[in-house]
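J.: With the input below, show me the fold.
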Amino acid sequence: MIAQSVADILRDRVKLSVEGIDRMYLNVYVPRLQTEQGIVWFFRQHRGQPIPSAALMGPMTRSFVAALEDFAAQRGVPLEQFRKGQRKDDVMAEHLRQFSSNEGVVFIGKAQEKTSVFRTERRRNPKTGAPYPWIVRSTAMVNHYYIYALDRDFGPFFLKFCSYFPFNAKLCLNGHEYAKCQLAQRGIAFEALDNGVLSCADPKRLQQICDGLTGDKINALLRKWLRLLPHPFTGADRYAGYRYDISILQAEFSLTQVLDRPAHGRLFFEHVIRENLDLGRPEQIELIFNRKVTNRTPGRFRTRIVTQDVTPSLNVYYKNARIKQYHKENHALRTETTINNTYDFAIGKSLKNLPELRQIGFATNRRLLDIERISHDCVLAEDTFQTINSPVTAGRQRTSGLRFADPCTQSLCHALILFRLLPQGFRSGDLRRHLADLSARTITQGAVTYQLRRLRLHGMIERLPNSFRYRITERGLRAALFFTRLYNRLLRPGVAAALPGHSAIDSPLRRAFDNVQTQLSLAANQAQFSS
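T.: Next comes the predicted model:
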């Protein structure tokens, strides 16, 4: 059976649900070497050079590059020059297939990229006119070395070093690969997705593993490989406090819900994409990201539907953050929030802030699903309401709709609520007497037969087998309760208060409508129109 609503799919058709960190892109840098003053201090005070200049950086670059290339040559690690437009992940996948060890450097790639550097600028003393060097920040095309490695605890990752002083680096890892490694080490059987887990013998343990990926473990991964790889700074430099630190450049937080059938994933996106094209509006963004949006909030608020091959994805943006939802490999619903700037959420970039970012990312994923569930429920309710109010056809039988405000429909609803209390159901004679009492007139048997057919074809009642008795369905009871209460408690008193000359007593609703009319008249008079 195919589920018919988003709520049904999320409640009944998800066989594995996992929340965890997906990809993380981290900045690896020496904090004391990120300013011009810090560079000057490093060369003048720490290394004792009287004149700090870019000429002192060149030998450090050549030494570090030589150490990296010697490292690759001595261990037989392939060294490749990346071509323009080449996907680095594809190159890694190709080398990884030929890699037989459970840990080590898979290959080293080299690419020229534009980056921020420090250069020497020649200046002159305004009093004496004598030239002197001055350290300034600039940009340049510099070789970067991508060290793609396999870690026994984290799986595939890469560490990218800039070959120019101060040798800033980037660390990229994947939380799902970490989870797979931990499952394998513990002997827990699982089936993998390309970037996730399709099935697991111990789902509770899998979630605990994902929750256990902390900043301390990420920091330990970096320290481990900095010890194993050539280091751009000497031991004396590190002893003096010139050590690498980590900050968060980009973090993805995902919720993977594996579905029991591919059809349910396709059905989910048919419903979601059709009904949620307005998710990028500011009022919806406030609900999803739980952040107040004002006219001063930077960035464009928009929803994008991106189709790759035949697989659509829903994308919603807030400042520099994005939430993406797609049907992964025809097996799982993937909802992921990507935070590209932690300051968008008033949180610092230090790795110690990872727990707060996790809460924001996972809560955003869940709020999106809640909004999609509620919005689709409203669509289904509208369809149901129109179906009840419209004529229906079943086989060769056709009957009129149960119009909400029709007195006869209201009488039938009252009868259904009453007859639901009868354990053995009701007969046509019971309905005939009830309708006659409500309408204060005689009801023919033919009229009762017609009303029974209407109720049955609309799914409000069902005939008990081998009898002339009828039973109220769950749909019939709920529709009857809603119709009667809405009509008697809201529609009738609301219309009496809203329309002039009907409400005998003062009420907030009547005052509100009176105020609307007053304000319209004032606006018309101010515009010099006749009211």
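
J.: just checking, R475 touches R456?
T.: No - taking contacts as C-beta atoms under 8 Å, R475 lies outside contact range of R456: 11.8 Å. Glycine gets a C-beta too; all of them are placed from N, C-alpha and C.

J.: Between the two, which is the more surrounded one?
T.: Of the pair R475 and R456, R456 is the one with more neighbours under other C-beta atoms under 10 Å, namely 18 against 15.

J.: which SS state does the more buried one fall under?
T.: helix (DSSP: H, G, I helix; E, B strand; the rest coil).

J.: list the contacts for it?
T.: When contacts are counted by C-beta atoms under 8 Å, 6 or more residues apart in numbering, R456 touches 462-463, 470.

J.: for R432, same thing?
T.: Counting by C-beta under 8 Å, 6+ apart, R432 has contacts 443, 445, 448.

J.: Buried ones among those residues?
T.: 443, 448 (16 or more other C-beta atoms under 10 Å).

J.: could you dump the contacts of R432 to JSON lines with pLDDT, secondary structure and distance to N125?
T.: Shown next, in JSON lines, are those (pLDDT from 0 to 100; DSSP: H, G, I helix; E, B strand; the rest coil; distance: C-beta to C-beta, whole Å):
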{"residue": "I443", "pLDDT": "84", "secondary structure": "coil", "distance to N125": "110"}
{"residue": "Q445", "pLDDT": "89", "secondary structure": "helix", "distance to N125": "114"}
{"residue": "V448", "pLDDT": "88", "secondary structure": "helix", "distance to N125": "109"}
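
J.: ok so H176 is a helix residue?
T.: Yes - judged by three-state DSSP, H176 forms part of a helix.

J.: Could you say which helix or strand holds the nearest residue to P203 once chain neighbours are set aside?
T.: Leaving aside its sequence neighbours, P203 sits nearest to L16 (C-beta to C-beta, 6 or more residues apart in numbering; 5.8 Å). Taking DSSP states H and E as the definition, one finds L16 inside strand 14-29.

J.: who does that strand pair up with?
T.: In the sheet, strand 14-29 lines up against strand 169-174 (antiparallel), strand 245-259 (antiparallel) (DSSP bridges).

J.: List of residues touching the first one?
T.: Okay, so that is strand 169-174. By C-beta under 8 Å, 6+ apart, strand 169-174 touches 22-29, 154-162, 195, 218, 221-222, 244, 246, 249.

J.: So what's the gap between that strand and the chain middle?
T.: With C-alpha atoms, centre = their mean, to the nearest Å as the basis, strand 169-174 stands 22 Å off its chain's centre.

J.: State the mean pLDDT of that strand.
T.: Across strand 169-174, the average pLDDT comes to 96.

J.: Only C-alpha atoms, please: export that strand in PDB.
T.: The C-alpha trace of strand 169-174 is given here as PDB (Å, rounded to 0.1, in the frame of the first residue of the first chain):
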ATOM      1  CA  ALA A 169      45.500  24.700   5.600                       C
ATOM      2  CA  LYS A 170      42.100  23.300   5.300                       C
ATOM      3  CA  LEU A 171      40.800  20.000   6.700                       C
ATOM      4  CA  CYS A 172      37.800  18.300   5.100                       C
ATOM      5  CA  LEU A 173      36.200  15.200   6.700                       C
ATOM      6  CA  ASN A 174      32.900  13.300   6.500                       C
END
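
J.: i'd like the first residue to be 577 from this point on
T.: Let's use 577 as the start, then, which means that last one is strand 745-750.
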